[in-house]
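Student: Let me see the structure of the following:
(one chain, ligands or ions: 1)
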Amino acid sequence: MLLSLIEPDMGRLAAQTAAEGKAPARRSGWAFDALLPYLMRDWTDTEELAAAKTLIGIALQKIIPDPTAKSLVVAGCGAAGLIARLPPTFGKIMGFDLTLPILGAARHLLDGKPLDVPLPRAIHGNGRISLHPSEPPAEGIRPVIAAMDMFDTAFADGTVDCVITSFLLDLIPQPSRLAAEIHRILSDGGIWINYGPSGPLKALWRFDNAECAGFFATAGFTPIHADSHRTTYLDLSQDIPSWSSRSHICYLTAARKTARQQETARPSPPAEQAQFVKLIPRHNPSASLVRHQSLGTDRKLTMALRFERFPGKMERVGIGAQDFQILELVDGKRTVLDIADLLGQKPHNHATADIVSAFRQYFEQDLLLWA
Ligand SMILES: C[S@@+](CC[C@H](N)C(=O)[O-])C[C@H]1O[C@@H](n2cnc3c(N)ncnc32)[C@H](O)[C@@H]1O
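Tutor: The predicted structure follows:
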């Protein structure tokens, strides 16, 4: 009955709201079915969970050798198998998630009670699978789990010592929003440990060790420990071979909270024209201007500025011929006015005002630095 309240039949709800001409009903959290594989991975003694526990355990021991007075929070904890295996020496251990049914199952299992989950016979011959805690919960330890939205948690600023995210960053649409919330709730010098696969190839951020370090630096964290191992991802082969996928690399990045980059905002360039033209523009250290001619019959020429504003995060901005000419003259010695003068002497005769306004845009977009 509880499950039917919190995991309503979305198909029926959608038909009902459509018939009433209302906006479609919105679900909170994920569908329980989508989390079944994670529930099984966590509570059927899989090697995959044991490997995650080992890698995260090594990082915790190295970074927080005395955790007795520290609080540890697992964000988007899902079925909470990891929570059951975290070192019980932490003063407080807590997990939260937005999918209530999975939290219900997690509570049951964390309390040491087995749970039978019905499954279609096409997936499992028995029509059900029995989940069970591998060991009784440690004496006196009862991890707290709660329903919370990770983008707007109930923790006060600076009150958590360590946050763990696992199999999460690569799956959510706005990882930087989560990073901002973790930054808010962590104490000064607090630790964030992220673990999981790197994510889709074309995603803006991938969470392998190099890119994750760049992501952390942007979000106001200093990476302090990285590890990776080849493992299986959702290996349920003991029970359901058809649901198993193999051979993924899982990355672990641990980082310490420092200042966010936005908090140390650079000053704006002077608005006053006479001052502005004396600025000496320079490229980002890793920048390069690239010309690319297509091999097709049109021999189309494209130009771009490539640079690595954040470590591990190569960016490419397409630019036009005039911008290319201007940026080519940026050498870290000439002023804006020197460059405008040089270009003014060229046959195309660029107007000084256009060049100055182009530089204003480059600075605003962080394409160029200046002295
Ligand atoms: C792929 S699962 C991973 C669960 C767990 N961390 C693990 O390693 O098995 C992602 C989890 O994020 C939870 N989640 C998604 N959006 C959330 C949100 N806005 N706030 C909290 N949890 C969320 C889902 O309910 C799900 O349990």
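Student: Which residue, other than its chain neighbours, is closest to whichever residue of the stretch 201-350 of the chain sits closest to the ligand?
Tutor: Using Cβ to the nearest ligand atom, L234 is the residue of the stretch 201-350 of the chain that sits closest to the ligand, at 9.1 Å. Using the backbone N, CA and C atoms, a C-beta is placed for each residue, glycine as well. Excluding the flanking residues, the one nearest L234 by Cβ to Cβ, 6 or more residues apart in numbering is P37, at 5.0 Å.
Student: on that earlier part again, torsion angles phi and psi at the residue of the stretch 201-350 of the chain closest to the ligand?
Tutor: When read as degrees, to the nearest 10, the backbone of L234 gives phi 50, psi 60.
Student: does I56 sit in a helix, a strand or a coil?
Tutor: Secondary structure assignment for I56 (DSSP: H, G, I helix; E, B strand; the rest coil): helix.
Student: What about it, how many residues nearby?
Tutor: If you count neighbours by other Cβ atoms under 10 Å, I56 ends up with 22.
Student: Also M148?
Tutor: Neighbours of M148 using other Cβ under 10 Å come to 19.
Student: Contacts only, for it.
Tutor: With contacts defined as Cβ atoms under 8 Å, 6 or more residues apart in numbering, M148 is in contact with F96, D97, L98, A154.
Student: restrict these to contacts with the ligand.
Tutor: D97, L98 (Cβ under 6 Å from any ligand atom).
Student: Considering the contacts of M148, which is situated nearest to the ligand?
Tutor: Out of those, the member with the shortest distance to the ligand (by Cβ to the nearest ligand atom) is L98, at 3.7 Å.
Student: Leaving out the residues flanking it, which one is nearest to that closest one?
Tutor: L98 sits nearest to G29 (Cβ to Cβ, 6+ apart), 3.7 Å away.
Student: M94 should be in a strand, yeah?
Tutor: Yes. Counting by three-state DSSP, M94 is located in a strand.
Student: Pull out the buried positions in stretch 221-241.
Tutor: Neighbour counts over stretch 221-241 (16 or more other Cβ atoms under 10 Å) mark 221, 223, 225-227, 231-237, 239-240 as buried.
Student: now do stretch 175-191
Tutor: Residues P175, L178, A179, E181, I182, H183, R184, I185, L186, G190, I191 are the ones in stretch 175-191 that count as buried (16+ other Cβ under 10 Å).
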